[in-house]
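Chemist: Here is a sequence together with a model predicted from it:
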Amino acid sequence: MLNIDKIRKSQTNIITIGSYPAIIASMLDFDYLSKKEKPSIKAIIAAGRKFERYFFGRREILIPVFPSFDQVPESKRLSATFFLNLSSGRRVLTSSIEAINKLPALVGGAVFAENTPEKHAVELKEYAKQKGVFIIGPSSVGIIVPSKIKLGAVGGVDYKQIISAKLLDQGSIAVLSASGGMTNELINILANTGKTLSFSLSFGGDRFPMVTPSEAILAAERDPQTSAIVYFGELGGKDEYHIAQLLNEGKITKPIICYIAGTVAEMFPTSPQFGHAKAMAKTTEETAKAKRDALKQAGAKVAESFKEFVKMIEKIPRPTPEVKAAPTSGVNKLSKKDIIESMHDRNHALISTSISGYKEGKVLVLGEELLDFAKNHSFAYIVASIFLGKKIKSRELEEFVDFILRLLVDHGPYVSGAVNTIVSSRAGRDLVSSLASGILTIGPRFGGAINQAAKNWLVGITSAKSPSAFVEEFASKKIYISGIGHRKYRSDMPDPRVAEIISYSEGLEARFTSFAREVEKITVGKKGNLILNVDGAIACVLLDILNEKEGYSVEELKKLVEVEFFNALFVLSRSVGFIGHYLDQKRLDEGVFRLEEEHVAQAEIED
Amino acid sequence: MARVKLSEFRAKQILGEFLGEGYSGFPFDTEKDDEQKIGKSIKQGKSYVVKVDQGVKKRFRQGLIKLDLKTSKDISSAISELKKQGFRYFLIEEFLPHDETEERYFALERTSSGIVAYFSKKGGVDVESFEGQVQELLLQDAEDAKKIAIELGVKTEGFIEKLIEAFDIYYFSFLEINPLVISFKTPHLLDVAGEVDSAAEFFVEKWNSDDFQDGKKDLTQEEQNVSKLSEKSQASFKLVVLNPQGSIFMLLSGGGASIVLADEVYNLGKGHELANYGEYSGNPNEEETLIYTKNILNLLLKSNSQNKVLIIGGGVANFTDIRITFRGVVRALGDVRDELKIQNVRIFVRRGGPHQDEGLALMRKFLEENGIEGEVYGPELVLTDIVSKALEK
């Protein structure tokens, strides 16, 4: 049931299903102008990007985007109180039901789409009723409660509209209409006469609105802040007879001012279909005239022309004292004029960053002033924090990263990256060119194995496969398992570095490391050199530490694999080695490197 | 779109299949089919009925149903006779003589509380004169269908239940079977009028928009263009030509405001001068608004009226961008600026919403630069006052 007072007392944590940037932007402008400290929209359910960029005042913010409710972090999901469904008509039923099921703190929602099947609207209404939430729509511009919530396009999408329509001041008049455009027209008429809204909503022009006109009027009747109701109806449907009945039964005591449009239909032999799906009078009962008469008889103030309607609205007495917006602990203390000045020339930035930047003339890195950041933290802490985009929490990660950075520094001049660096250096190239030529060899066959190994261990754990099934899958496809196998070391001659790396998982539950070791047991049974190698060991221990000590979920770890986080430590550390080789070659000054004929085989391909 | 009429042919085919009885009637489109089709489809020794299948009510009274036709020649001459009255779509089915006392009335309608059944022991062409005898029942459980079957004397097990199920799963909004004839082995759906919810097209395989008898095929070129534009767009466009020779042309936006503005013309006693009703909404882009405006201007320039006025009106939009939509309107006006001047067309504008200042300025500039008479207002003017200003002359 729609309860306006409950909306006023609830937190406004909104999740939108689908994205409509102009509408979302206007809701954030409304939040900002209402002096909220934080934007009300917490997440967007949509495919594609991970974030959408919006303004909160002049500041740019990133609203996280998730492909489905299942990917929304628990804390956001559990605290969401409203949804705004911006998806297409055919997806309205399934996506709204999902929202109701997945959001336990839900108070209500609004559906924007046109072309929702009637049957779906009826079913969804029934479901919402069972679950004790309200849903406005379909094809509704939504609901607005001044300075509290703007759920939809209602009231306009331009911040100037929000200010000029007085949507920031809590008032005492409820505006209700099927038509979204007329809702806004009436909000503006009110504002021009110096009056303000208690709340306003559009039921939507469909045949079966989920919040019906009568229910909305009863919500206005129950709302302690509403003192009068303005209602705009159209020909078609029988809602006005229910309203008349409520008036006759004394269930509506507040003054109600109405206008029912559609007398023009009298001109036609059969009523045409007007703009809204519902706007068609099939019987005399459904004509504008008949409905006006019924409301009049029941005691409503019914205007015969729109002009008269406007005059009636002008005459609504202003209650004393007018309820003023409660001052919230404001982030913006600007006057309205300053706000308009500050918002009119907003331009989107060309790039956005979450790591570092200037603030009030100081360079901040992860929120800390650079010099303090440098003085207070170890290099490993700084590397891990900057790579992850937030300050790390655990001593374990810091120590492990420190060890890896030292361990991966160099592995001799034989590997492709070092060779490239050496060849470039001897060809007379400069530091950066030589380093770059070395780094450019890092990829699937050299140095890129940590990331691939991490991906393997994640697949192994999430698919809940047995280690032997896991190995079989690779074997049957005849592909190597990244993280397994070494050219030189064997099970009877283990790599001492691996033992050292694995020691960092001591004291942890170490799901990933255990899985990797189980895999190793099977592979060494096949061939002695198929041991867990340095890449595989680093990957599993890093996964375990991130998971257990830094709180990364499996989904978040997958995202780290996608962005190649696990290779980043190698690139950084090995750059030290490459630079070393470059400088070494310059010191030795051997001259340009060239292969002799005997170094090159003439390949003869047998047919 | 909303509720649309389904052709009787398709409605009967869907129900016949679902009831497990099949359906042997066939459609005939005078623009596409020829006499051969009739010859191939009918059987020797049987008698046939030709019905106009264009969603017309009270066909029998109007003589739009021809009974007891024995040969394909009889059938085609019945069709050509009805074609002369302007009809194009027909349904041909077997003629089943029966007694009037065997005719029942049965209808279903989807309402906000659920599916409501209407039924009466007395059906047929005179059903309206039996007012008060038609019972109304909100269907809640399986017993309801049994109750209806008993009342109507339907003995076939599960017949009413199946009709109700088909109604629900095929997204019917309204279904009227009148009469339902009960004298045969199974009850027979003699005449069927069905409406479906066009919004459900995606969910139903049994029908699609080709099966609609919404009268769209009789529309003017401009109305057809607008209907196509609307189908392809996320925004919504509507156009109804009321009086091609009218003097008051409307380019309106918003489902609610457009009715208010059309009402005002009617209230001022100028309804007969109103050339069209229509509206655009849902934030169309510049190109779409351009196309919509062109179609209205086409109608406007064709009218014989000597005193033409174009009212570009709408409320204060929530999310339709006035700058972008008015750019499209002004481009369309610009394309016919000379004709507009020659015909002395006056243009009156009242609109508000996102970027209204830029949009209204664009309109003012156009009128001034081209010396076209008219006035441009924002939300400071009462919505309907633009109509009285436009009609002053």
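Modeler: Yep, it's here.
Chemist: Following the chain onward from the worst-scoring helix or strand of chain A on mean pLDDT, which element is next?
Modeler: Scoring the helices and strands of chain A by mean pLDDT, DSSP states H and E places helix A:336-344 at the bottom, with a mean of 70. Going down the chain from helix A:336-344, the next helix or strand is strand A:356-359, by DSSP states H and E.
Chemist: by contact count, what packs against that following strand?
Modeler: strand A:362-365 (3 or more C-beta pairs under 8 Å, 6 or more residues apart in numbering or on different chains; DSSP states H and E). C-beta here means a position set from N, CA and C on the backbone, and glycine is covered the same way.
Chemist: Just the mean pLDDT for the strand it packs on, thanks.
Modeler: Per-residue pLDDT values over strand A:362-365 give a mean of 93.
Chemist: show me what contacts the residue nearest to the spatial centre of chain B?
Modeler: By C-alpha atoms, centre = their mean, the mean C-alpha position of chain B lies nearest to B:Asp214, the distance being 4.2 Å. By C-beta atoms under 8 Å, 6 or more residues apart in numbering or on different chains, the residues touching B:Asp214 are B:4-5, B:55.
Chemist: Can you classify it by secondary structure?
Modeler: Three-state assignment for B:Asp214 (DSSP: H, G, I helix; E, B strand; the rest coil): coil.
Chemist: Relative to B:Val260, how far out is it?
Modeler: 26 Å (C-beta to C-beta, to the nearest Å).
Chemist: And for A:Asn456?
Modeler: 66 Å.
Chemist: Look at the two and report which has more neighbours.
Modeler: B:Val260 (29 against 25; other C-beta atoms under 10 Å in any protein chain shown).
Chemist: Enumerate every residue touching the more buried one.
Modeler: A:182, A:261, A:306, B:315, B:383-384.
Chemist: Using JSON lines, lay out those together with secondary structure and pLDDT.
Modeler: Below are those laid out as JSON lines (DSSP: H, G, I helix; E, B strand; the rest coil; pLDDT from 0 to 100):
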{"residue": "A:Met182", "secondary structure": "helix", "pLDDT": "95"}
{"residue": "A:Ala261", "secondary structure": "strand", "pLDDT": "94"}
{"residue": "A:Phe306", "secondary structure": "helix", "pLDDT": "95"}
{"residue": "B:Gly315", "secondary structure": "strand", "pLDDT": "95"}
{"residue": "B:Leu383", "secondary structure": "coil", "pLDDT": "96"}
{"residue": "B:Thr384", "secondary structure": "coil", "pLDDT": "96"}
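Chemist: quick check, nearest of those to B:Gln306?
Modeler: Nearest to B:Gln306 among those is B:Thr384, at 25.2 Å by C-beta to C-beta.
Chemist: coming back round to it: most neighbours, which of the contacts of B:Asp214?
Modeler: Result: B:Val4 is most packed of the contacts of B:Asp214 (other C-beta under 10 Å), 23 neighbours.
Chemist: does that one count as helix, strand or coil?
Modeler: Going by three-state DSSP: B:Val4 is strand.
Chemist: So for it, what's the pLDDT?
Modeler: Per-residue pLDDT puts B:Val4 at 89.
Chemist: Likewise for A:Pro327?
Modeler: 45.
Chemist: For burial, what's the neighbour tally of the residue of the stretch 301-450 of chain A found nearest chain B?
Modeler: Chain B sits closest to A:Phe306 of the stretch 301-450 of chain A, with a gap of 4.3 Å, by C-beta to the nearest C-beta. The number of residues packed around A:Phe306, counting by other C-beta under 10 Å, is 25.
Chemist: which residue packs closest to it, ignoring adjacent ones?
Modeler: Distances taken as C-beta to C-beta, 6 or more residues apart in numbering or on different chains put B:Thr384 closest to A:Phe306, at 4.3 Å, once the chain neighbours are dropped.
Chemist: Now do the same contact list for the one you found.
Modeler: A:305-307, B:260-261, B:263-264.
Chemist: B:Val154: how many residues sit nearby?
Modeler: Neighbours of B:Val154 (other C-beta under 10 Å): 22.
Chemist: Surely it touches B:Ile160?
Modeler: Yes - with contact defined as C-beta atoms under 8 Å, B:Val154 reaches B:Ile160; the gap is 6.1 Å.
Chemist: Any chance you could list residues touching both of those two?
Modeler: B:Ile148.
Chemist: what ranges do the helices span in the stretch 201-350 of chain B?
Modeler: Applying DSSP state H, counting those that start in this stretch to the stretch 201-350 of chain B gives helices spanning B:221-232, B:255-267, B:286-302, B:322-335, B:337-342.
Chemist: between these, which one is nearest to B:Gln13?
Modeler: helix B:221-232 (24.4 Å).
Chemist: quick check, that closest one touching chain A?
Modeler: No - contact between helix B:221-232 and chain A is absent, the nearest approach being 10.7 Å (criterion: C-beta under 8 Å from any C-beta of the partner chain).
Chemist: Quick check, B:Val192 in contact with B:Lys12.
Modeler: Yes - the criterion here is C-beta under 8 Å, and B:Val192 meets it with B:Lys12 at 5.3 Å.
Chemist: Mind listing the shared neighbours of the two?
Modeler: Counting by C-beta under 8 Å, 6+ apart, nothing touches both B:Val192 and B:Lys12.
Chemist: I'd like to know how many residues surround A:Lys359.
Modeler: 10.
Chemist: residues in contact with the closest residue to B:Gly353 other than its chain neighbours?
Modeler: Among residues not flanking B:Gly353 along the chain, B:Ala317 sits closest, at 2.8 Å (C-beta to C-beta, 6+ apart). By C-beta under 8 Å, 6+ apart, the contact list for B:Ala317 reads A:156, A:181, A:184, B:253-254, B:351-354.
Chemist: Can you tell me which of these is closest to A:Gly108?
Modeler: Nearest member of these to A:Gly108, counting by C-beta to C-beta, is A:Asn184, at 20.6 Å.
Chemist: Look up which helix or strand the closest one falls in, please.
Modeler: Using DSSP H and E, A:Asn184 sits within helix A:180-192.
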